[in-house]
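Colleague: Can you look at this prediction? I've put the sequence above it.
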Amino acid sequence: MENYNVFQDFDQKLFKEEVARGTQRLNITGLSPSGESGDVSVRDKKSGLIYVSGSPVWCFQKNLRDARGWERFVTDVDETIMVPWSDPTIEWYTHVAIYRKRPDVEAIVHTHGLWASVFAAMCMDVPLDIVNEGLTGVIRCADYVAAGTQEVGAVTAEALGDDDCCLMGNHGAVFVGKDLNDAFDKALWCEHVCHKAYMALLAKKNNKN
């Protein structure tokens, strides 16, 4: 296949393998319960290249745990397609939009965890003061836009702003960090917070009745 071996030096192989590890971890940690949704990416600040989860369709993955390094999609903030043999996750526009807006970000995790998805399905910000952890403000929820479009990338990046996490209306959530481990820690924390917030809101409603 033409140009199949481009972006195959040692550093680039490591970035691809790291994205494969993160893609597998989505299902392992329960942040993609079905094993068929969600994606991750990392950015090499030295080269500017962005390595993104590949589509499970073209590479015949049974689920995300089958992810392999060589299948990863490679692009940059200008949406240049570097590896024509690899089809990316449909949410690659969202990853690129966030990297374009946030030069500090080096990794992104997009999840479909249960509790974050509950608030996303309601297109509702998560109130942090209700979880009794000394937190204030909200985890913002972006407006609903059809998945896999440049528009959803734009509204998600806008809702994220300077924060480390936000919800995607009627969809899921995104988390950013200095590396994938950092972004995953925030995703797991968000699941905990969303669970507590939902139960607290439910209890408040029941107490009023």
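Modeller: Received, thanks. Residues are numbered from 1 along each chain as shown.
Colleague: Next, the contact list for the most centrally placed residue in the chain, please.
Modeller: Central residue of the chain (C-alpha atoms, centre = their mean): His110, 1.5 Å from the mean position. By C-beta atoms under 8 Å, 6 or more residues apart in numbering, His110 lies in contact with Gly38, Asp39, Val40, Glu91, Thr94, His95, Met168, Gly172, Ala173, Val174, Phe175. C-betas here are computed from N, CA, C, even on glycine.
Colleague: And for Ala173?
Modeller: By C-beta under 8 Å, 6+ apart, the neighbours of Ala173 are His110, Thr111, His112, Gly113, Ala116, Ser117, Ala120, Cys165, Cys166, Leu167, Ala187, Cys190.
Colleague: any chance of the residues you listed in CSV, plus distance to Arg100?
Modeller: Output for the contacts of Ala173, formatted as CSV (distance: C-beta to C-beta, whole Å):
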residue, distance to Arg100
His110, 16
Thr111, 21
His112, 24
Gly113, 25
Ala116, 24
Ser117, 26
Ala120, 23
Cys165, 18
Cys166, 16
Leu167, 20
Ala187, 21
Cys190, 23
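Colleague: May I have the secondary structure class of Asn170?
Modeller: coil (DSSP: H, G, I helix; E, B strand; the rest coil).
Colleague: typo on my end, it should be Val42
Modeller: When the rule is three-state DSSP, Val42 gets the label strand.
Colleague: And Leu202, by the same measure?
Modeller: helix.
Colleague: What pLDDT does the model give it?
Modeller: For Leu202, the pLDDT comes out at 93.
Colleague: What is the burial count for it?
Modeller: For Leu202, the neighbour count with other C-beta atoms under 10 Å is 10.
Colleague: quick one: low-confidence ranges for the chain?
Modeller: 1-8, 56-62, 209 (pLDDT under 70).
Colleague: all strands of it, in order?
Modeller: 39-43, 50-52, 73-75, 107-111, 126-127, 138-139, 141-142, 165-168, 172-177 (DSSP state E).
Colleague: Could I get the ones you listed in a markdown table, plus columns for distance to Lys205?
Modeller: As requested, these are exported to a markdown table (distance: least, C-beta to C-beta, whole Å):
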| stretch | distance to Lys205 |
| --- | --- |
| strand 39-43 | 35 |
| strand 50-52 | 40 |
| strand 73-75 | 44 |
| strand 107-111 | 26 |
| strand 126-127 | 13 |
| strand 138-139 | 18 |
| strand 141-142 | 19 |
| strand 165-168 | 21 |
| strand 172-177 | 23 |
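Colleague: Quick check: which of the ones you listed is nearest to Phe10?
Modeller: Distance to Phe10, taken as C-beta to C-beta, is lowest for strand 50-52 among these, at 14.1 Å.
Colleague: Need the contact partners of that closest one.
Modeller: Contacts for strand 50-52 (C-beta under 8 Å, 6+ apart): 12, 15-16, 18-19, 39-44, 72-77, 88-89, 92, 95-96, 99.
Colleague: and if you look at stretch 150-158?
Modeller: 91, 93-98, 100-102, 142-143, 145-146, 166, 168, 171, 174.
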